[in-house]
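K.L.:
below is the structure, and that's it, no one-letter string:
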């Protein structure tokens, strides 16, 4: 397979690394030639020779969202026999721009690998960035089946699990599962700017979880949100309406007034969150599985967490999840070890025998 | 120390267990006598004898938020020499109700242990629930210093790290670090109810983190939010304004219009989230520390995570954090092991030698 990658940032470089390991002939191109050369030096593929006439089977446009459509149109014109895909996080606006440019849509199939890192650029590229991640392909009625199949094959070769969705369904889905959660996390975190240190010090694990993705890149996210404006705004409007309804219910309760309807509004909001959260798939995209948790106090001294790991390994229980939580102001953490309900008692007993303090 | 606990749910029972282990004389009481008897059977303290005239040094009201103020007023009247505290998640509304009942405020010092579990009731009680958690004490100008000192001593005896804040500052702080994040998480999760399975399947770790606390109890949270209505509404109003401003910016960008001011609004929202998130303290309540991360692919087969734990334990590197992330549709997880930057290379090399696939 001959794959030409346009744009050698994090995604393009990672794809080049993955496909090169897979045995494909990967050529690299970037608007900044030294970036393409860097990706080559990292092992992501080769630069075309000056006199070479490229004949790629597939062109992958991995440019920033704002310039993706232009690159797709250019690629469709430059290689009249190649399939073309892109990897932008939004699909409808890219498709609309490609269509309005009069480009041939039969050879174009948009796609979106649901993978990323907190760091950008070729040097952050990894051959296994797509391993086990979803990669959505978004063919239209005009897309040739063999073009969709080619994009699917390449995504699978990179290690991803392919899902097919129409572009507009993709955009509505990511608005709800990614774009609006990003905005909510960012703006909940933004409220912390006004607090003094004593107030911020009350932050617990819940706030840390809610705001972890608030560390994301403003430049990239502006392009993503602007590119999915219609779908994001629909979800955002519903979120604002729900939050406002709770705000009005709280207003009617101020001063201790008895307003039973108001309490019902608040309770329904929290209950709706229960119902929505329960729909999120667990590992492997399947239904959430209920594990049981053994909680272990880990003294914050060098080697203690390593000793816990060694003991759990020696005990031999199959661990499903492991999470370390930190207390405030004291010298230990709380390790949460999820195992099958049947294994809880045995693990707890074996850890206690080895001198660990169990929590609850 | 003689401590009388009024209300033997999760918090009251856990406090009884902790103080009993500490050597205090703990007596128990609950509006439902069988609940108090259950807490006694679990080891949380004793039931007063029928003829006994209790003379507690401290009364701890651990009742649901809605009935806390009434219990505090009753305790101040019933034991004219005792200090009285409560453990409700909101402080201003409880204080206002106690004050308006004409109760003597010199012997009352509100407090709030920042600890909880996803399960309620005496049977979920744990002697170490407060270990390393913050416990806020909220004396007023009328509170006697020895009363504040007594509440502080008991919180420390239960294992907590005490912080002193005025009641209204406490309420403003928890509105921003706990109550509004809870509402935002619940209502972001609520949006998932409308999605079909293919859309929900695109959920990634970011969404899981943002919505984890959306599984919280609607009944309890209605009481908490209603009890802190003024402070929650102020933070909520600012959040809704920020979200609405982004919504308006997106509206002006719909149809691909070029509106540079609109993009600035979006970028500033994400950047404000960066700044707010950076303020959240890391472990031990100190500033966030930058660790370096080694990422390891863990095949989803019995014993693999245990083998990783055993290997890390044998290698002996001091582990700062450990988190397990799950890919979608493939048979392994991604373990993120945080260590000091100086230790990264050694750990990565030792793991690779033991046959682990490192990720990036």
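P.N.:
The structure has been received and is ready for your questions. This structure is a prediction, so every number in the text was calculated from the model and none was measured. Numbers count the residues shown, from 1 in each chain, chains lettered A, B, ... in the order given.
K.L.:
ok but residue A:262 is inside a helix, no?
P.N.:
Yes. Counting by DSSP: H, G, I helix; E, B strand; the rest coil, residue A:262 is found in a helix.
K.L.:
nearest spatial neighbour of it, skipping sequence neighbours?
P.N.:
In space, and not counting its chain neighbours, residue A:262 is closest to residue A:249: 3.9 Å by CB to CB, 6 or more residues apart in numbering or on different chains. In this view, the C-beta of every residue, glycine as well, is placed from N, C-alpha and C.
K.L.:
that neighbour: what's it in contact with?
P.N.:
By CB atoms under 8 Å, 6 or more residues apart in numbering or on different chains, the contact set of residue A:249 is A:259, A:261, A:262, A:263, A:265, A:266.
K.L.:
all helices for chain A, in order.
P.N.:
Assigned by DSSP state H, the helices in chain A fall at A:10-22, A:33-41, A:65-78, A:92-100, A:145-157, A:167-174, A:180-190, A:197-200, A:205-211, A:218-227, A:229-253, A:260-277, A:304-315, A:344-353.
K.L.:
worst mean pLDDT among these?
P.N.:
In terms of average pLDDT, helix A:304-315 trails the rest of the helices of chain A, at a mean of 81.
K.L.:
now look at that helix and say if it contacts chain B.
P.N.:
Yes. Helix A:304-315 reaches chain B (CB under 8 Å from any CB of the partner chain) through A:305, A:306, A:307, A:308, A:309, A:310, A:311, A:312, A:313, A:314, A:315.
K.L.:
just give me the neighbour total for the fifth one.
P.N.:
Other residues near residue A:309 number 27, with proximity taken as other CB atoms under 10 Å in any protein chain shown.
K.L.:
please apply the same query to the second one.
P.N.:
The local packing of residue A:306 (other CB under 10 Å) involves 19 other residues.
K.L.:
which non-adjacent residue is nearest it?
P.N.:
Residue A:306's closest residue in space is residue B:313 (CB to CB, 6+ apart), at 4.8 Å.
K.L.:
what residues are up against that neighbour?
P.N.:
Contacts of residue B:313 (CB under 8 Å, 6+ apart): A:306, A:307, A:308, A:309, A:310, A:311, A:313.
K.L.:
contact partners of stretch A:13-28?
P.N.:
The list of residues contacting stretch A:13-28 from outside it, by CB under 8 Å, 6+ apart, reads A:1-5, A:8, A:12, A:36, A:39-40, A:42-48, A:54, A:56, A:60, A:62, A:87, A:113, A:115, A:121-122, A:124-130, A:154, A:157-159.
K.L.:
list the buried residues in it.
P.N.:
By 16 or more other CB atoms under 10 Å in any protein chain shown, the buried positions in stretch A:13-28 come out as A:13-20, A:22, A:24, A:26-28.
K.L.:
one step back: if I look at the residue nearest to residue A:262, how far off is residue B:232?
P.N.:
11 Å (CB to CB, to the nearest Å).
K.L.:
go on, residue A:169?
P.N.:
Residue A:169 sits at a distance of 36 Å from residue B:232 (criterion: CB to CB).
K.L.:
cool, and residue A:111?
P.N.:
Applying CB to CB to residue A:111 and residue B:232 gives a distance of 42 Å.
K.L.:
and the closest residue in space to residue A:101 that isn't next to it in sequence, what does it touch?
P.N.:
Spatial nearest neighbour of residue A:101, chain neighbours left out: residue A:73 (4.6 Å); criterion: CB to CB, 6+ apart. Residue A:73 makes contact with A:97, A:98, A:101, A:103, according to CB under 8 Å, 6+ apart.
K.L.:
you'd agree residue A:97 is up against residue A:71?
P.N.:
No. Here residue A:97 does not reach residue A:71: they are 10.7 Å apart, not a contact under CB atoms under 8 Å.
K.L.:
tell me how many other residues crowd residue A:304.
P.N.:
18.
K.L.:
in the sheet, who's paired with the closest residue to it other than its chain neighbours?
P.N.:
Of all residues not flanking residue A:304 in the chain, residue A:298 sits nearest, at 5.3 Å (CB to CB, 6+ apart). In this entry, residue A:298 is beta-bridged to residue A:333, by DSSP bridges.
K.L.:
tell me how far residue A:298 lies from residue B:23.
P.N.:
Taken as CB to CB, the span from residue A:298 to residue B:23 is 26 Å.
K.L.:
equivalent analysis for residue A:235, please.
P.N.:
Distance, residue A:235 to residue B:23, by CB to CB: 55 Å.
K.L.:
over to residue A:114?
P.N.:
55 Å.
K.L.:
wait, residue A:254 sits on residue B:232?
P.N.:
No. In this structure, residue A:254 is not within contact of residue B:232 by CB under 8 Å, at 10.1 Å.
K.L.:
higher neighbour count, these two?
P.N.:
Taking neighbours as other CB under 10 Å, residue A:254 and residue B:232 compare with residue B:232 leading, 28 against 14.
K.L.:
tell me the contacts of the more buried one?
P.N.:
A:250, B:175, B:179, B:180, B:183, B:225.
K.L.:
for the closest residue to residue A:348 other than its chain neighbours, give me the pLDDT.
P.N.:
In space, residue A:348 comes closest to residue A:294 once its chain neighbours are excluded; the distance is 5.1 Å by CB to CB, 6+ apart. On pLDDT, residue A:294 comes in at 88.
K.L.:
who does residue A:294 form a beta bridge with?
P.N.:
Assigned bridge partners for residue A:294, using DSSP bridges, are residue A:337.
K.L.:
run a quick neighbour tally on residue A:153.
P.N.:
Neighbour count for residue A:153, taken as other CB under 10 Å: 14.
K.L.:
can you check residue A:52 too?
P.N.:
Residue A:52: 10 neighbours (other CB under 10 Å).
K.L.:
can you check residue A:103 too?
P.N.:
Counted with other CB under 10 Å, residues neighbouring residue A:103 total 19.
K.L.:
same check, this time on residue A:211
P.N.:
Residues contacting residue A:211 under the criterion other CB under 10 Å number 29.
K.L.:
that one touches residue B:274, doesn't it?
P.N.:
No. Between residue A:211 and residue B:274 there is no contact under CB under 8 Å: 10.3 Å.
K.L.:
tell me, what's touching the two both at once?
P.N.:
Between them, residue A:211 and residue B:274 share these contacting residues under CB under 8 Å, 6+ apart: residue A:189.
K.L.:
in stretch A:55-67, what's buried?
P.N.:
A:56, A:57, A:58, A:59, A:60, A:61, A:62, A:63, A:64, A:65, A:66, A:67.
K.L.:
what does that stretch rub up against?
P.N.:
Contacts of stretch A:55-67 (CB under 8 Å, 6+ apart): A:1-9, A:11-12, A:15, A:27, A:31, A:68, A:71-72, A:75, A:79, A:81-90, A:94, A:150-151, A:154, A:220, A:223-224, A:227.
K.L.:
show me what residue of the stretch 1-150 of chain A gets nearest to chain B.
P.N.:
Closest to chain B within the stretch 1-150 of chain A is residue A:132: 2.5 Å, counting by CB to the nearest CB.
K.L.:
from residue A:39, how far out is residue A:127?
P.N.:
From residue A:127 to residue A:39 the distance is 12 Å (CB to CB).
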